[in-house]
Each structure stands twice: as structure tokens, then as C-alpha cells.
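Participant: Below: sequence and its predicted model.
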Amino acid sequence: MNQTPLPVTVISGFTGAAKSALLDRLLANDDGKRIGVIGFGSPEVPDEARDLPNGCRRVTLPDHSIEAIEQAIVALADERRFDAIAIEAPAMLDPMAIAEQLAFGDDDDATLAGRARLDTFVTVIDAPHFLRDYASTETLEGGGDGKTIVEALVEQIEFCDVVIIDESDDTQKISRMIRAMNPRAHQLVAANGDVPLDDVLDTGRFDFDTTASAPGWLAILNDETPAPEDDAASEIGHLVYRARRPFHPERLWNLLHQEWPGVLRAKGFFWLATRGEVGGSLSQAGGTLRHGPAGVWWAAQDRSEWPTDDPELEAEIVAEWFGDADDNSVGDRRQKLVLIGENLDADAWQSRFDACLLDR
């Protein structure tokens, strides 16, 4: 197939976040760009395609699956008359899952190879309701897997290239919060999605590894945190908690079931005294905190199971190893947690986690 792959923009956001308004503006553009927009309707209504006088097309799908999105992209690309494609992603779909599943790339066998390429992930923020949604513990309607509203919101913020914030009295505060969660994302403030087309179409901003590495907590772990842009931004701080002793399970349980005032985001893994083989994962956002198994520590595995053909991973194991190379009592077991919050008292949180450690 000999054609230039169409740039695809994926637009995430909740209902009321000016997401639909942005798509309407793309469809109504008078810049001569022919844009195919893929949106979603009721499962009871069949597929619908509506052509507009300016050469744009709106496609409405009853099926909210990523497979349906892929098929719609293929149909638009094969017509070879559009300049770009924009997808109105359902709120329950994780943007990273969309990027992982859609077969973009250089693989000649991929369905979309040569037809389309992921170009920009955009998240539209409903500023008037953002603080309420971020503090919510409610389950996302239609999520099906118990995902909460704030978890979906964080997925959209952390995996994106461009953030559009609707205007409100809290816009500046929201902007600082989002910058702490995704310092890489290009931010725009606009009423009703009124942004230049060049800021959301064919921007060339998307790269899977770069976008996936954008979350603020990950940047902090990698010592890539940018300096605050103003005094107000400096009110959002962070803590990286590290320790080489296991947590006492009851003490940690008690801490995890307390209120965490001011903490916007926490992420990492931990070592429990009663779980010497398996590490634990922790993820907190707003009013939701989850924990569970993260995987088996290398120190708990036979050396014959260690990687021998991945120098980078081998070097990582050595760098994180505690004690002698043949001493598996600690090895790579450790506490490694990142907290991001408003006016975060790092010393107080350090003491709280220290108090959860097993006595010497």
C-alpha cells in the first residue's frame, strides 16, 4: 500500500468537558482540512456516517470497543480523501490501552500499517467539575471493572500529549495539579474547545515510550522533575520514600485506611514482612487507593530464573541489590513510593511510613 499514513488524534474526557464541542469545531473548520471524526452513540442504534459540505465526515459507532475504532479508521483511511482522523474516546477506555491495542507501527502485517499513525493524545478537562471528580470515590458509569471516576481521570491526564482546560474560577489551580501529574503535556486554556487545529491535529507529539513515561510520579523517580514555573506551583511538593526494611502488615494497613489529606497522587511498590516472595503495588489518586501484588522479587527466585540476555535488566537488578551478591535476605526487596501533594509535609509523611516499618 503506497499512501501517506493519516495522523490520528485521540480525544479523551468526560461528558460535559467540551470534548464534543472540540470535535464539532474540528468538523466545522474552514481551513480546508478534511477530517474524519469517530464518535459513539447508543448500542441500540446502527452505525451512522454523515458527510458535511466542507468534506469532513462524522462516523457514529454503537460498539465502544477498540476493535470497532480500528475498523472505522481503516474505512476512513482507505477512502484516501481525508487529511486527519479524530477519535472521541469513551470515558471508560484507558488511553494507554487504545495506544497499545491499535496496530500502528512499521509491522507490515498490522491492520493499520501504512494507513494511519497515532499522532496526538488530547485530554479535555471539565474544569467546573474537576475538583469534585478528583475527590470522588464513585464508580465510573459503564466502566464494568470497578474503575472509579478519579482513576479514569488520572489515566486520561497521565497518558496524553495535550491537555485542554475549560475556563473556570479554578483553572489556575487545576493547571498546577495537572502539571504535577503530567509535566510533559502541553496545556491550553480554552472555552468550549476553541483551540487552533494545529494544536491538536498532526502535531507529531505522540511517541509511545515518551508519552507512557510522562506521569509526574515517574519523572520524580527518574529525577526529571522540572522546576516550578511560579510561587503557586511550588505549593505542590513530593516525597520519594525509600527503605530497606519490610512494613509491618497491620501498621501499613492502618495507614492505608486513614485519610490522606492534600495527597494528589501516590504510586510505587512495597515490601511486607509477611510476604517475602511477592512485592506489593500501591496506587492512590484523590479519594481512591488500591493495593495488590506487583510481582516476585528477584531475591526470592532461583538464580537460574534470572535474565541472561537483557544487560539493561541485569544492571538494574545489580544496582538495586542490597548487601553481598550471594545474600538473598534483602536483595532487591525495598520500599519505593512517590507521593505528590499540595503543601505536602514530606517530613511528616516520612515519619508516618517509618512508623510502619518492622521493628529492628
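Facilitator: Yes, it's here.

Participant: From here on, just use CA atoms for contacts and neighbour counts.
Facilitator: Fine.

Participant: and residue 96, how many residues sit next to it?
Facilitator: 17 (other CA atoms under 10 Å).

Participant: Now whichever strand or helix holds it: buried residues?
Facilitator: Assigned by DSSP states H and E, residue 96 belongs to helix 95-101. Using 16 or more other CA atoms under 10 Å as the test for burial, helix 95-101 gives 95, 96, 98, 99.

Participant: Please state the mean pLDDT value computed over the lengthiest helix in the chain.
Facilitator: Longest helix in the chain by number of residues (criterion: DSSP state H): helix 66-79. What helix 66-79 shows for mean pLDDT is 92.

Participant: tell me how far it is from the chain's mean position?
Facilitator: Relative to the chain's own centre, helix 66-79 is displaced by 24 Å; criterion: CA atoms, centre = their mean, to the nearest Å.

Participant: Output that helix as CSV, nothing but the C-alphas.
Facilitator: What follows is helix 66-79 as a C-alpha-only set of coordinates in CSV (Å, rounded to 0.1, in the frame of the first residue of the first chain):
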residue,chain,number,x,y,z
ILE,A,66,-11.1,-0.6,20.4
GLU,A,67,-11.7,-3.2,17.6
ALA,A,68,-14.6,-1.1,16.3
ILE,A,69,-12.4,2.0,16.4
GLU,A,70,-9.7,0.2,14.4
GLN,A,71,-12.3,-0.9,11.7
ALA,A,72,-13.6,2.7,11.4
ILE,A,73,-10.1,4.1,11.0
VAL,A,74,-9.4,1.5,8.2
ALA,A,75,-12.6,2.5,6.4
LEU,A,76,-11.8,6.2,6.5
ALA,A,77,-8.2,5.8,5.6
ASP,A,78,-9.0,3.5,2.6
GLU,A,79,-11.0,6.3,1.0
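
Participant: Contacts made by that helix with the rest, please.
Facilitator: Residues outside helix 66-79 that contact it (CA atoms under 8 Å, 6 or more residues apart in numbering): 6, 36, 38, 59, 61, 82, 85, 87, 98, 101-102, 111-112, 115-116.

Participant: just to revisit the earlier point, right, and the helix or strand after the helix holding residue 96?
Facilitator: strand 116-125.
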